[in-house]
Structures are given as structure tokens and as C-alpha cells.
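Visitor: I would like the atomic coordinates for the input below:
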Amino acid sequence: MKVSASIVTYNNSDTIDKCISSILESASGKDYSFRLYIYDNASSDITPEILSTYGNRIKVIFAKENKGFGHGHNYIIKRVRSDYHFVINPDIYMKEDVLGELAGYLQDNSDIGLITPKILSVDGTEQPIPKYGPSIRFSFIGNLPGFKWLRKKYSRQDEKLSDPTDIEFCTGCFFGARTDYLKKIKGFSSDYFLYCEDSDLSRKVLADGKRIVYYPYAEATHHWNRENTHSAKAFFRFIRSLLIYFRKWGWKF
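Guide: The predicted structure is shown next:
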């Protein structure tokens, strides 16, 4: 079995070294071959220097300009040759063989389009990542003060999902799929520079009749900083992406 993974970086010097090291270590010496690809979106910090220290242990593509999250992953998905491919954020860390376990589950379940593990915060608690698709109620009202209960519903926290479960939304911070399937559906939409490309991909997979599965038996840590709430530029980019998504898939309350 051949497994690959891609990471798109942009000024991630604070997290990328730990991310890469944890992935390579967790996949080392297993009964599958593994290759890690990095697409750097013209970082202006020391991220390129850090990537260069890994030599041939990883494959790095240095872009001359930043064309966005989805573009970087699509560049690799089009060219990679593997059975299963994973999209991973540059601030994800793992201690166990998450890739092998998820790939094995995909191998046993041909009707699954996308699979994602349990995502933890650095304090060990599960992150409230959405498991339903975006809606006006969840995406806008759920982020207002006093509506924490709606965010819990959005992420299905009250259901205590302890077994593999079908969901509507697969987070772009960490998911896996059959490589040939990602090629078939042409990866991420070029409509988005950043944000909501994972929501769009999820809708595309469900429309194709495939399942999206949350797999809590495997877990990874996400050093999540909620950039879209800390920067005006990121916030407006997030809103723009949401509007693109709703215009494309419909204004669901």
C-alpha cells in the first residue's frame, strides 16, 4: 500500500518543524510506503529554510507566489502516485500511526469518499470542528455571543460520537481519501483562495454519492489559532468565501 500526504505552508515557521517530524516518525517503519509533499506558498519567514533541512526525506515545491490553500494541494494531488492521500495542515501533530489506520479503514470501506480523525486541541480536549455543512444558522448566528449551544450542535458535541460516524463536513485541517478519487473529483475548487474550500469539497463528495466519515479511534492534535477571528483581513476573506459557498450551494438556514 502506498500512502502520501500534502502540506501547504505559508509562514508556518512556528509549527512546521514539529508537524513534519511527528508525521515522519509516526509513519516510519510501517507496512506501507509513505511520501510527504510540501507546497510552500512563497513564505517570507524562515519556513523555506526549515523545509530545506529535511533533504530527500520530503518532497518540497517552492512556489513563486501565494495562490491559496486549495491550489497548493491540487498541484500535488494531480501529480502524486499513491493509493491513499492525506491533506494535512502545517500545525497538525500526531503521536500514533494515524495515516495507516485511516488508510486501512478506507481500504475496507469502498463507499467512503473522505475520512477525518478526532482532532484535539493542545490541552487534549476535542476541538469543536463542524460536522454539519455550513448554514446561516451555524456559520453566522452560531458565532455570536450567547449562542455557544448552537456551535455545540454544529460540531455534534452533545452526541458524544465514540464510533465511526457519517458526517456532512470534513475539515480541511486533516483528512484522507483514495488518491484516484481525489483526482476524479479534481480536488479543491479554484473558487476559493482560503476558507470554505473544505466545505465545498464535502458537498461535492456527498453529491457524488460517497460517504464522509468521522473516525474517532484515531486522533491528532491541531495547534489551532482561529486566524479568521484575529485579523480583519482574514475575517473578510472568510466572509467572502462563505458567500461564494452559499451562492454555489444554496442559502440554507
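Visitor: next one: residue 154 from residue 161, what distance?
Guide: Between residue 154 and residue 161 the distance is 13 Å, computed by Cβ to Cβ, to the nearest Å. The way it works is simple: take the backbone N, C-alpha and C, and place the C-beta from them, glycine included.
Visitor: more neighbours: which of the two?
Guide: Applying other Cβ atoms under 10 Å to residue 154 and residue 161 shows that residue 154 carries more neighbours, namely 23 against 17.
Visitor: quick check: neighbours shared by residue 154 and residue 161?
Guide: Applying Cβ atoms under 8 Å, 6 or more residues apart in numbering, one finds that residue 154 and residue 161 are jointly contacted by residue 131.
Visitor: all helices of the stretch 1-150 of the chain, in order?
Guide: Using DSSP state H, counting those that start in this stretch, the helices of the stretch 1-150 of the chain run over residues 16-27, 47-52, 69-79, 98-108, 136-139, 148-154.
Visitor: ok, which of these comes nearest residue 117?
Guide: When the helices of the stretch 1-150 of the chain are compared for distance to residue 117 using Cβ to Cβ, the nearest one is helix 98-108, at 5.6 Å.
Visitor: may I have the closest one as PDB, with CA atoms only?
Guide: Coordinates of each C-alpha in helix 98-108 appear next as PDB, following Å, rounded to 0.1, in the frame of the first residue of the first chain:
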ATOM      1  CA  VAL A  98      -3.000   7.800  12.200                       C
ATOM      2  CA  LEU A  99      -2.300   7.600   8.500                       C
ATOM      3  CA  GLY A 100      -2.000   3.900   8.400                       C
ATOM      4  CA  GLU A 101      -5.100   3.300  10.500                       C
ATOM      5  CA  LEU A 102      -7.200   5.700   8.400                       C
ATOM      6  CA  ALA A 103      -5.900   4.200   5.100                       C
ATOM      7  CA  GLY A 104      -6.800   0.800   6.400                       C
ATOM      8  CA  TYR A 105     -10.300   1.900   7.100                       C
ATOM      9  CA  LEU A 106     -10.600   3.400   3.600                       C
ATOM     10  CA  GLN A 107      -9.300   0.100   2.200                       C
ATOM     11  CA  ASP A 108     -12.100  -1.800   4.000                       C
END
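Visitor: that one: which residues count as buried?
Guide: Within helix 98-108, the residues that qualify as buried by neighbour count (16 or more other Cβ atoms under 10 Å) are 98, 99, 100, 101, 102, 103, 104, 105, 106.
Visitor: which among the helices of the stretch 1-150 of the chain is found nearest to residue 215?
Guide: Of all those, it is helix 98-108 that lies closest to residue 215, at 6.1 Å by Cβ to Cβ.
Visitor: give me the mean pLDDT for that closest one.
Guide: When pLDDT is averaged over helix 98-108, the result is 98.
Visitor: just stretch 219-226 next, same as before
Guide: In this model, stretch 219-226 has an average pLDDT of 85.
Visitor: contacting residues around stretch 155-169?
Guide: The contact list for stretch 155-169, computed with Cβ under 8 Å, 6+ apart, reads 105, 116, 126, 128-134, 152, 198-199, 202, 206, 211-217.
Visitor: from the residues you listed, which land in strands?
Guide: Counting by DSSP state E, the part of these found in strands is 116, 211, 212, 213, 214, 215, 216, 217.
Visitor: so the last one touches residue 101, yeah?
Guide: Translated: residue 217. Yes: applying Cβ atoms under 8 Å as the test, residue 217 and residue 101 come out as touching, 7.0 Å apart.
Visitor: considering the helices of the stretch 1-150 of the chain, which stretch scores lowest in mean pLDDT?
Guide: Per-stretch mean pLDDT for the helices of the stretch 1-150 of the chain is lowest at helix 136-139 (a mean of 65).
Visitor: coming back round to it: got CSV for the helices of the stretch 1-150 of the chain, with distance to residue 180 too?
Guide: Putting the helices of the stretch 1-150 of the chain into CSV (distance: least, Cβ to Cβ, whole Å) gives the following:
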stretch, distance to residue 180
helix 16-27, 21
helix 47-52, 28
helix 69-79, 10
helix 98-108, 12
helix 136-139, 32
helix 148-154, 32
